[in-house]
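Student: Pasting the sequence and the predicted coordinates here, then a few questions.
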Amino acid sequence: MFHSLTSMENPLAGLTWLYKYSPDMLRGLADGSIELTHEAFHQLPHGRAASHLRELLMACGLLPKVDKQICLLERWLVHHLDAITDPDHAQIIRRFATWEILPRLRRIAETKPVKPSSRSYAGQQIIYAARFLTWLADRNLTLADCRQAHLDAWVTEHTADERNGLRVFLQWSQRNKLARPLKLMPHTARRAAPLTAQQRLALLGEILIDQTGPPHARVAAILLLLYAQPVSRLVRLTLADVIRDGEQVLIRFGTPPSPVPAPFATTLLGYLANRSNMRTATNPASTWLFPGRRAGKPLRPEWLAKQIRQLGISTLPARGAALRQHIQASPAPIIADALGFHPVTTAKLAAETGATYNRYAPGDHTQSPLPRPPRRTDDS
């Protein structure tokens, strides 16, 4: 850890930050009053400072590496459970989080980083479950007492988001014999209306011309508008995903890499030469396209999305417009491969939009077709 701090370009800045925000934690780790464990960090009161110090310790190999979003949820869960006054409710919620929510996130983390949106939704599911138990208690009911009429009454009083968020808790409760069999409400999905082609092109022009916003936010906004990429995927891009092929610039979201239009290529290459957050102890040689401030991490998706919105771009409608317009211009399977989308997603959008290529068969169309069998003749 000492080596990491002293080898940064401006070590005084890093040491000043640690001394200003983390002196009690550093002293506690030194004298043993704070154990060097993730569980001990969950109990610390200093949120951002504790998270930063924990990630620095993980980067130095002093703590086992755990997905950042899981760390945040576990830390939040400790304080959330302490705020539940009914001990029976706290026990149920602790079991639900321990045996249903956290294992699901850990399975995701085994193959890829957990998205902030997944962590946020997991926390909402825990909150909705606790509120449902409180709603029952206000009517002198327990979870085991809940009948279909009670659930139907709760449904009529609550929003679609709350109904969707409670489904997993009710399913888990029934599997574990904590609640009687109940008919659950169907899941409802909402879609934001996409931008028109004219609105999308106008936004692209404004971002290219107006250079007052943060460079990383402008680059991310253009990638979103051009290639329909979610912010959670943009922050996972690395320098290796930007390819120079002679005079042409390509960017890899899938196969093959996608060409970058000339006006944006200049902006992108200029940004690569002067990326943000490159002078800290945590990211001195970061290969992320959008380096974050914390050890080995890219920018947080929620933070980058907020900066994109500050440029006047609503991410979901912008992505929807870009993807639909790509599908209307090219076969859906080709767009799925090139931009990294699931073929089912692009096929559904092609059917919805009535795209010209909505019956285009996936596969390699560069191969010669199979030879036809010889035609029958009268003598054969």
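Tutor: Done, it's in.
Student: Would you indicate which residues of stretch 65-85 are buried?
Tutor: Judged by neighbour count using 16 or more other Cβ atoms under 10 Å, the buried positions of stretch 65-85 are 67-77, 80-81, 84. Bear in mind the C-beta positions are built from the backbone N, C-alpha and C, glycine included.
Student: Check stretch 303-320 too.
Tutor: 303-305, 307-308, 311, 313, 315, 317-320.
Student: what's the answer for stretch 176-185, then?
Tutor: Buried-residue list, stretch 176-185, by 16+ other Cβ under 10 Å: 178-179, 182, 185.
Student: In helices, which of those fall?
Tutor: Among these, DSSP state H puts none in helices.
Student: where's the dip in pLDDT among those?
Tutor: The lowest pLDDT within the buried residues of stretch 176-185 belongs to Met185, with 74.
Student: And that one, how close does it get to Ile101?
Tutor: Per Cβ to Cβ, to the nearest Å, Met185 is found 20 Å from Ile101.
Student: follow-up on the earlier one: which of the buried residues of stretch 176-185 sits closest to Gln124?
Tutor: The nearest member of these to Gln124, counting by Cβ to Cβ, is Met185 at 16.3 Å.
Student: who touches that closest one in this structure?
Tutor: Going by Cβ atoms under 8 Å, 6 or more residues apart in numbering, Met185 touches 155, 163, 167.
Student: Would you mind listing which of those residues are buried?
Tutor: Arg163.
Student: and which of the contacts of Met185 is nearest to Ser117?
Tutor: Of all the contacts of Met185, Ser117 sits closest to Arg167, with 17.3 Å by Cβ to Cβ.
Student: Not counting its neighbours along the chain, what's nearest that closest one?
Tutor: Closest residue in space to Arg167, ignoring its immediate chain neighbours: Leu184 at 5.8 Å, by Cβ to Cβ, 6 or more residues apart in numbering.
Student: where along the stretch 251-380 of the chain do the helices fall?
Tutor: Taking DSSP state H, counting those that start in this stretch, the helices of the stretch 251-380 of the chain run over residues 262-272, 301-310, 315-329, 332-339, 343-353.
Student: measure the spatially most central residue of the chain to Val231 for me?
Tutor: By Cα atoms, centre = their mean, the mean C-alpha position of the chain lies nearest to Lys115, the distance being 3.1 Å. The gap separating Lys115 from Val231 is 9 Å, by Cβ to Cβ.
Student: Can you check which residues contact both of the two?
Tutor: With Cβ under 8 Å, 6+ apart as the test, Lys115 and Val231 both reach Pro301.
Student: need the contact list for Trp154.
Tutor: Applying Cβ under 8 Å, 6+ apart, the residues contacting Trp154 are 132, 135.
Student: Helix or strand: which one has it?
Tutor: Using DSSP states H and E, Trp154 maps to helix 148-157.
Student: before we move on, back to that, among the buried residues of stretch 65-85, which one lies nearest to Asp145?
Tutor: If you rank the buried residues of stretch 65-85 by distance to Asp145 using Cβ to Cβ, Ile84 comes first, at 18.9 Å.
Student: got any ranges where the stretch 101-250 of the chain has weak pLDDT?
Tutor: Scanning the stretch 101-250 of the chain for pLDDT under 70 picks out 187-194.
Student: What segments of it are helices?
Tutor: For the stretch 101-250 of the chain, applying DSSP H, counting those that start in this stretch gives helices covering 102-109, 116-137, 148-157, 160-175, 197-209, 215-227, 231-234.
Student: could these go into CSV alongside distance to Trp17?
Tutor: Output for those, formatted as CSV (distance: least, Cβ to Cβ, whole Å):
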stretch, distance to Trp17
helix 102-109, 28
helix 116-137, 23
helix 148-157, 47
helix 160-175, 37
helix 197-209, 32
helix 215-227, 21
helix 231-234, 27
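Student: picking that back up, rank the helices of the stretch 251-380 of the chain by pLDDT, which is bottom?
Tutor: helix 343-353 (a mean of 83).
Student: For it, buried residues please.
Tutor: So for helix 343-353, counting by 16+ other Cβ under 10 Å, buried means 346-347, 349-350, 353.
Student: Counting neighbours, what do you get for the nearest residue to Pro259 once chain neighbours are set aside?
Tutor: Nearest residue to Pro259 in three dimensions, chain neighbours excluded: Leu250, at 5.7 Å (Cβ to Cβ, 6+ apart). Other residues lying near Leu250 total 15 when counted by other Cβ atoms under 10 Å.
Student: circling back to that earlier point, got TSV for the buried residues of helix 343-353, with distance to Ser33 too?
Tutor: TSV is the format used below for the buried residues of helix 343-353 (distance: Cβ to Cβ, whole Å):
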residue	distance to Ser33
Thr346	56
Ala347	58
Leu349	57
Ala350	61
Thr353	62
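Student: Closest one of those to Gly123?
Tutor: Top of the list for closeness to Gly123, among the buried residues of helix 343-353 and by Cβ to Cβ, is Leu349 at 30.3 Å.
Student: Go ahead and confirm Leu311 touches Gly213.
Tutor: Yes. At 5.2 Å, Leu311 counts as touching Gly213 under the criterion of Cβ atoms under 8 Å.
Student: how about CSV for the contacts of Met185, with distance to Ala217 added?
Tutor: As requested, the contacts of Met185 are arranged in CSV below (distance: Cβ to Cβ, whole Å):
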residue, distance to Ala217
Val155, 40
Arg163, 35
Arg167, 35
